[in-house]
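S.K.: predicted structure and sequence below. I'll ask about it afterward.
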Amino acid sequence: MKSAKSKQRLNELRTPARSRQNLAQGDKAPVQVFCRLRPMQRESDSPCMKIISPTTVLLSPPAIAINYRNETKSMKYTFKEVFPPETNQQELFDRVALPLVEGLIKGKNGLLFTYGVTGSGKTFTMTGEPQNCGILPRCLNAIFKTINDYQAHKYVFKPDNMNMFDVQSEAEAMLERQHELHKFKTGKKNNSNPDLAMSSSDITKVGGINEDNQYGVFVTYIEIYNNSVFDLLEDGPTGRNLPVKIIREDAAHNMYVHGVTEVETKSAEEAFDAFYLGLKRKRMAHTNLNAESSRSHSVFTIRLVQAPVDEMGEAVIQNKNVLSISQLSLVDLAGSERTNRTKNTGQRLREAGNINKSLMTLRTCLEALRENQINGTNNMVPYRESKITHLFKNFFEGEGQVRMVVCANPRAEDYDETLQVMRFAEMAAEVEVSKPQVIDVAANMGLMSGRRKANKLFYAARDNIARPEAKDLELDLGLVYSLGPDFPSLELNSSQANHITKELMAHLEMRISRRETLKRSKQIKDERFRSSLLGLEKDSMEIRSENQSLKAQLMDSDRRIRALEDRLTTTENASMSFQRKLTEMTEYTSALKRELQEKDLLLNQNKLEKEKQKKILERKYNHKIAAEHEKAKEINSENEKLRNKVEEKENRLRIIDKALHIDRGDAIGDCQNTQTLGPQRNENAAQTNRDFTPGSTPRALPAHLLTLFSSCPQTRETRDTRDNRETPASSRRGVAIANPRHRRSLSADGKVWVEHAPNKLVPMGTVMKPNIPSSKVVNKLTNVKDIANSKTSKYCLISQEQDTDGELETKVYKGDVVPTCGGGAQVIFNDVEMLKQFSPNRDRRNAGYRTKFQGVTRPAGETPCRSQLS
Ligand SMILES: Nc1ncnc2c1ncn2[C@@H]1O[C@H](COP(=O)(O)OP(=O)(O)OP(=O)(O)O)[C@@H](O)[C@H]1O
């Protein structure tokens, strides 16, 4: 029951934005609008603004103004305060921002805008220049100078990512610090800009700090660009690649950027580091008006977390509900220039459109708010239409100090834009926001003030009490142990001074009772101290053992790290050597590739050359083949002619044969030689003549042999026989008759042969030729004497041809040489030997190098020629 009550009470103590309804009417304050005029750039420039009082400016339309005809009247605009061009940064800070810093320290929210045309000095006012810092660095310096002695250790306060904070114990915070230290060692970059450093004498210290609190400072830096929110402090990619953040409402209905990086900073320098890191990432675009014109709104927020220390004045109370969180948002708005004036196009135009739209929404929101406040209406204010208004909705709807510095460039060229700015400023100044309320959480919890100081003094006394010089030490222990006010005056100067005795008695009694109270209090404290000492001792022992185990872990980790480092070195060496090899191999491969390409090229060239040659040869051979075809045709026609002639001759021979049969007796009688022959021989001759059919031999003869026949000298009788079939018997005397008696073995008859081998023969190799012992070999029968002489009696013609299967066929035509009456000779062919040779591969059955005889005709009783294998 008690805990529920205390919880409720703690919830009440928190300082979220409260709704306006809960606040009294008197708790409102108008938005404070200041005006700062920047110096003129050129002396030749004519101004359109004049300061007529410390709070008023006069804006006069110059002749170049767009609305010159409509607005010829000069207008007065009143501000909380007007700062002339010569106002320095410190003055401005003191007047405008210092109260916000004071409010922040006291737990109040604050919002400060700089608003104005591009180049009017917004960034100069907010950030400033090197050695001439603006509001932002001065705020940071002032905050840290003020809270410096009262800062909590880092990570005691930890953002819970829902716009609130957790409170961690000292041990947890220490662990995180160690973790960070390790991270820092392994390469954290320093973004600090020394130019922002200020001499400590220039830094203002704010009063009114609650010394019984501990403080933590957190900064965020966001950019609103093209109506999207980007976290400028987020680790990772820069520029447009940053992820877009969304605005959300926390449990206390405060708006915040969800997932934004909140950096805890312990000094102004650390905060500058964060600021410069964000600044680096900020988009700066160039326009025709200003080479460094900011195209986005940037919001730098400082959140101050404070929590009361416990009753001992030492550690922060470990309860997130007692935290007080205040924030100061410093907003540098983008320039409010007209787009047509800046000559923007494309992306720039879109940016300018978004900038103008968001500023317009700001204006619309403020107008609607003012309308509601003046008329008591409850019209919807379109905060959500732009990110900037959505984010700061609480300042207008809830509570907080809102201030605006309107920056103005008094030159005439800026009149039109400045006029708009002035109107906006005038309107904004009429808007009221609720004053922030501060609740003293510690007082509500029953904690005495001065705890921290007492604790400090206690430690100082404890440290110094043992020293010899301690007796001279003046310790202000009054706050801690006091027996009340000093003794009253005890001088007894008369007997009627009883009242003095009474006073003394009363005083002494009071002191005695006070002493008793202090004694009791001391006893209680002693008890508590003892128990807490025990607790501490216990904690200390735990910490010691934990420390030892952590040390062991650390050593182990160190060992592992060293081993990993060794491995890494080895791997790196190996990797380098592989890299070298890889490079070599790559070079080698590329050399080989080059070689291959060259070879391919050569090959292709050769191929092309060959193709060319082939085509040339084809053309050549096609010509030749065509010529050969022509020749073959001619030969065929020649053959045809010869065949006709042969047929003609055959016919004649048949006629002769007939005639011979009819007039056999006469014919024999006409021939003298035949008279000596017996009837048997005549019969043989007749038989021979019968065997020798006119058609057989000539048909088997090749063409050139027919030529031989025709080339043989012919007798008148034969000519007559050919010419006249009915030639008388006496006239047929000269017809040569073959004598078959001379036919002997083809190889052993001992006769003289004429071996006619017209062509160069293919060496037969495996074939045994017939044995012809005495022969005369001729290639051409040009001389008749070769055959028509007394010795030669046999003729043999050897021819080689290819058969239809492409096999070599050797034919030996044999015949008897019979002298003719006219002194010539005729050959009577009576035998043909045909030798065919087959390749063993052609027919397995013929394997063994057999030679076949085909179509061999030979006279009876003769030994056939033998072919042998070689
Ligand atoms: N009060 C001043 N005193 C001296 N110089 C000033 C003052 N105000 C502005 N300037 C100078 O004017 C220039 C433009 O100022 P600044 O960049 O602050 O303009 P801006 O309004 O922020 O422009 P943008 O909207 O483009 O960001 C700067 O070089 C700055 O030094």
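M.R.: The structure has been received and is ready for your questions.

S.K.: buried residues, stretch 204-221. List them.
M.R.: Neighbour-count burial for stretch 204-221, counted by 16 or more other C-beta atoms under 10 Å, picks out 204, 206, 209-210, 212-221. Placement of C-beta: from N, CA and C, glycine included.

S.K.: mind saving the C-alpha coords of it as PDB?
M.R.: What follows is stretch 204-221, C-alpha atoms only, in PDB (Å, rounded to 0.1, in the frame of the first residue of the first chain):
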ATOM      1  CA  THR A 204      29.300  32.500 -18.300                       C
ATOM      2  CA  LYS A 205      28.400  30.500 -15.200                       C
ATOM      3  CA  VAL A 206      24.700  30.300 -14.500                       C
ATOM      4  CA  GLY A 207      23.500  30.600 -11.000                       C
ATOM      5  CA  GLY A 208      20.700  28.800  -9.200                       C
ATOM      6  CA  ILE A 209      21.900  25.300  -9.600                       C
ATOM      7  CA  ASN A 210      20.600  22.700  -7.200                       C
ATOM      8  CA  GLU A 211      23.700  21.300  -5.600                       C
ATOM      9  CA  ASP A 212      21.900  18.300  -4.200                       C
ATOM     10  CA  ASN A 213      21.400  16.900  -7.700                       C
ATOM     11  CA  GLN A 214      23.700  15.100 -10.100                       C
ATOM     12  CA  TYR A 215      23.600  16.000 -13.800                       C
ATOM     13  CA  GLY A 216      24.100  14.400 -17.100                       C
ATOM     14  CA  VAL A 217      24.200  16.100 -20.500                       C
ATOM     15  CA  PHE A 218      23.000  14.400 -23.700                       C
ATOM     16  CA  VAL A 219      23.100  15.900 -27.100                       C
ATOM     17  CA  THR A 220      21.300  15.000 -30.400                       C
ATOM     18  CA  TYR A 221      21.800  16.500 -33.700                       C
END
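
S.K.: all strands for the stretch 51-200 of the chain, in order.
M.R.: Along the stretch 51-200 of the chain, counting by DSSP state E, counting those that start in this stretch, strands occupy 56-59, 75-78, 81-83, 110-116, 128-129, 132-133, 157-159, 165-167.

S.K.: pipe the ones you listed into TSV and attach mean pLDDT per row.
M.R.: As requested, the strands of the stretch 51-200 of the chain are exported to TSV (pLDDT from 0 to 100):
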stretch	mean pLDDT
strand 56-59	90
strand 75-78	89
strand 81-83	94
strand 110-116	92
strand 128-129	87
strand 132-133	86
strand 157-159	90
strand 165-167	90
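
S.K.: now those strands as TSV including distance to V244?
M.R.: Formatted as TSV, the strands of the stretch 51-200 of the chain follow (distance: least, C-beta to C-beta, whole Å):
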stretch	distance to V244
strand 56-59	39
strand 75-78	37
strand 81-83	37
strand 110-116	23
strand 128-129	30
strand 132-133	31
strand 157-159	20
strand 165-167	25
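
S.K.: what's the most buried one of the ones you listed?
M.R.: strand 110-116 (a mean of 25; mean count of other C-beta atoms under 10 Å).

S.K.: contacts for it?
M.R.: 96-97, 100-101, 103-104, 122-123, 125-126, 135, 326-333, 335-336, 359, 392, 395, 400-409, 421, 424-425 (C-beta atoms under 8 Å, 6 or more residues apart in numbering).

S.K.: what's the most distant pair in the buried residues of stretch 204-221?
M.R.: Pairwise distances across the buried residues of stretch 204-221 peak at 31.1 Å for D212 and Y221 (criterion: C-beta to C-beta).

S.K.: quick one on the thing from earlier: ok, the buried residues of stretch 204-221 vs F79, which is closest?
M.R.: Using C-beta to C-beta, these come closest to F79 at T204, 22.9 Å.

S.K.: wait, that closest one sits on R138?
M.R.: Yes: taking contacts as C-beta atoms under 8 Å, T204 lies within contact range of R138: 7.4 Å.

S.K.: now the common contact residues for those two.
M.R.: The contact sets of T204 and R138 overlap at F93 (C-beta under 8 Å, 6+ apart).

S.K.: do me a favour and average the pLDDT over the helix or strand hosting L366.
M.R.: Per DSSP states H and E, L366 falls inside helix 346-375. Mean pLDDT, helix 346-375: 74.

S.K.: same question for stretch 213-227.
M.R.: 90.
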